[in-house]
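Colleague: From the sequence below, what's the structure:
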Amino acid sequence: MKIDIVLVGGLGFLLLVGALYLASVFITKSNMSNRAKRILHYAGFATVIIACVMMFDWYSKTYMAQLAS
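Modeller: Alright, predicted model coming up:
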């Protein structure tokens, strides 16, 4: 596996988690209802989980393509 792919994926993951943290802070401080805050937090965490699955899928496809060549 190329190291560049791991670095790009790792950097993207860190940026996504950082953005989620900042959004979480703003959501917590907002005057929305508790239900709306909870739903937005769950949506953010679901986004991170989906991004992780997609990132590992990208890694595995790249690795399999490298093995085939």
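Colleague: Report the buried residues of the top helix by length along the chain.
Modeller: The longest helix of the chain (DSSP state H) is helix 34-68. The neighbour-count check on helix 34-68 (16 or more other C-beta atoms under 10 Å) flags 37, 40, 44, 51, 55 as buried. For every residue, glycine as well, the C-beta is placed using N, CA and C.
Colleague: Report the contact partners of the closest residue to residue 62 other than its chain neighbours.
Modeller: Closest residue in space to residue 62, ignoring its immediate chain neighbours: residue 5 at 5.5 Å, by C-beta to C-beta, 6 or more residues apart in numbering. Shown in contact with residue 5 (C-beta atoms under 8 Å, 6 or more residues apart in numbering): 58, 59, 62.
Colleague: which helices and strands sit right next to the longest helix of the chain?
Modeller: helix 3-29 (3 or more C-beta pairs under 8 Å, 6 or more residues apart in numbering; DSSP states H and E).
Colleague: How far off centre is the helix it packs on?
Modeller: Centroid separation between helix 3-29 and its chain, computed with C-alpha atoms, centre = their mean, to the nearest Å, is 6 Å.
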